[in-house]
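*Asks:* Give me a model of this one.
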Amino acid sequence: MSKTSHVQDGSPKCQEIIAELEKRAQANIEAMNNRDFSPSSPLYHLRAKDWRAEAGDGESWKEMALHEYVESLRTITTENPELKATLRDMSTTVNAKLDSARIFVNVEIEGIPVGISRHAVVLLEYRWMETDWVSCSHRVLGGMSVNLME
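*Replies:* Predicted structure coming up:
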């Protein structure tokens with residue numbers, strides 16, 4: 001996996017934020033690959049109350065709340081047991097105030113259908129909320145058809 005992190009001020013604090021958020025992004029992929037959809041899964045960890053997922057394939061978009069998103073992953077992985085996501089690279093930007101961040105994640109998705117791999121770009125957005133970083137949104141473009149999430 002290659003990684004590009006954009007640090008506005010180069011401070012150790014900013015580097016620490018990037019490392020933590022990228023670790024969380026990787027944990028989410030591992031949770032899906034390990035079929036961990038329990039409430040203690042990283043998929044549920046530190047989400048904003050208004051967290052939303054959006055998936056688009058260039059033709060249509062589907063928006064989901066957290067529980068609906070996790071259930072759609074459970075359904076997709078049950079129907080496609082060979083499904084596996086591999087993180088290819090990440091590019092992380094933290095704003096100058098160190099209170100919001102974006103991670104662009106390039107993911108390779110294999111197994112929908114078996115023998116086929118597709119790439120997707122995922123945009124993860126985070127905000128600092130009093131005591132910790134909270135995931136606010138998860139947007140996917142390409143890779144998995146929106147129709148599979150219905």
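*Asks:* Please count neighbours and contacts with C-alpha atoms only from this point.
*Replies:* Will do.
*Asks:* what about the chain, any weak spots by pLDDT?
*Replies:* For the chain, applying pLDDT under 70 flags the ranges 1-9, 57-58, 143-150.
*Asks:* Could you pick out the longest helix of it?
*Replies:* Across the chain, the longest stretch assigned as helix under DSSP state H is helix 12-33.
*Asks:* Tell me the gap between that helix and the middle of its chain.
*Replies:* In terms of C-alpha atoms, centre = their mean, to the nearest Å, the centre of helix 12-33 is set 10 Å apart from its chain centre.
*Asks:* tell me which residues in the following helix or strand past it are buried?
*Replies:* On the C-terminal side of helix 12-33, the nearest following helix or strand under DSSP states H and E is strand 47-56. Neighbour counts over strand 47-56 (16 or more other C-alpha atoms under 10 Å) mark R47, A48, W51, R52, A53, E54, A55, G56 as buried.
*Asks:* just to confirm, which helix or strand has the residue nearest to the second one when sequence neighbours are not counted in it?
*Replies:* In space, A48 comes closest to C136 once its chain neighbours are excluded; the distance is 5.3 Å by C-alpha to C-alpha, 6 or more residues apart in numbering. Assigned by DSSP H and E, C136 belongs to strand 132-141.
*Asks:* Could you tell me the angle between that strand and helix 12-33?
*Replies:* Compare the direction of strand 132-141 with that of helix 12-33 by axes from the mean of the first three to the mean of the last three C-alpha atoms, to 10 degrees and you get 50 degrees.
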